[in-house]
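>>> any chance you can model this:
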Amino acid sequence: MISRIPRWLWIALGVVVLAAVVTGLVFLIRSNTGWVSIVGWTITGLLVAAVILFLSVSAPQLLKLYKLQKYYKANEAQLRMLPSLMQSGRTQEATMRFEGLMKNAPDNAYLYFMKAFFMRSAGKLPEALSAANKALALAKTDSSLPAMLQQVGGQMGQPTTVEGFKTQLEELKSLLEPRVNMMRERREKAVTKRNKKSR
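Predicted coordinates for the structure are as follows:
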């Protein structure tokens with residue numbers, strides 16, 4: 001019900017409430033009664049402090065989340081195209097497109113989460129492990145992650161909480177690490193073998 005209310009109505013309600021608060025404060029401050037005026041100044045000071053606190057703490061996080069959501073909407077078609085590119089064997093093109101999409105949000109834990117699973121399905125296991133590690137590291141600092149998970153989580157088995165997010169990444173890491181280590185060992189053995197033959 002609340003989500004169906006149009007944006008213009010929310011803005012109008014906000015303006016009316018703000019105008020009422022400002023008008024009330026002006027009447028309190030300009031009152032001839034001393035204690036009423038002091039109450040008006042005190043409330044004004046508290047409101048100004050609350051606005052400053054909001055602008056310094058919450059506003060940057062909300063702005064980041066807004067930009068990310070806008071970015072997702074603008075690139076939704078490309079994101080949806082990636083699985084079909086993968087299935088048709090155009091892994092290189094899909095990887096290039098995904099990397100291009102990530103350039104605009106380099107510090108977003110959720111995008112690294114997506115990259116980890118994307119690279120795994122592309123067969124690029126070292127890159128998938130690296131992305132999973134990066135997503136886990138960013139989960140500690142990315143303040144927009146909880147809101148992002150609530151918005152897009154639950155789709156196709158994706159997590160809805162930060163704990164679920166971390167759990168899925170840890171499970172992916174436990175699958176990838178042995179395979180990546182095995183690949184490294186094989187590569188090192190091959191290099192050692194080549195070096196012995198060249199002597």
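>>> drop to CA atoms for contacts and neighbour counts, all remaining ones
Noted.
>>> lowest-confidence helix or strand of the protein?
Lowest by mean pLDDT, DSSP states H and E among the helices and strands of the chain is helix 76-87, with a mean of 69.
>>> what about the helices in the protein?
In the chain, the segments counted as helices under DSSP state H are 7-29, 34-74, 76-87, 91-102, 109-121, 125-139, 145-152, 162-198.
>>> among those, show the one with the smallest mean pLDDT.
Mean pLDDT is lowest for helix 76-87 out of the helices of the chain, coming in at a mean of 69.
>>> before we move on, the earlier item: export the helices of the chain to JSON lines and tack on mean neighbour count?
JSON lines is the format used below for the helices of the chain (neighbours: other Cα atoms under 10 Å):
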{"stretch": "helix 7-29", "mean neighbour count": "13"}
{"stretch": "helix 34-74", "mean neighbour count": "14"}
{"stretch": "helix 76-87", "mean neighbour count": "14"}
{"stretch": "helix 91-102", "mean neighbour count": "16"}
{"stretch": "helix 109-121", "mean neighbour count": "21"}
{"stretch": "helix 125-139", "mean neighbour count": "21"}
{"stretch": "helix 145-152", "mean neighbour count": "17"}
{"stretch": "helix 162-198", "mean neighbour count": "14"}
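>>> ok, Phe113 - contacts?
Shown in contact with Phe113 (Cα atoms under 8 Å, 6 or more residues apart in numbering): 131-132, 135, 169.
>>> the same query, at a cut-off of 7 Å, please.
Phe113 makes contact with 131-132, 135 under the criterion Cα atoms under 7 Å, 6 or more residues apart in numbering.
>>> again with Ile43
Residues in contact with Ile43 (Cα under 7 Å, 6+ apart): none are found.
>>> ok, Ser31 - contacts?
Going by Cα under 7 Å, 6+ apart, Ser31 touches Ser37.
>>> please repeat the previous calculation with a cut-off of 10 Å.
By Cα atoms under 10 Å, 6 or more residues apart in numbering, the residues touching Ser31 are 25, 37-38, 40.
>>> could I get those as CSV with distance to Met148?
CSV is the format used below for the contacts of Ser31 (distance: Cα to Cα, whole Å):
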residue, distance to Met148
Leu25, 37
Ser37, 44
Ile38, 43
Gly40, 39
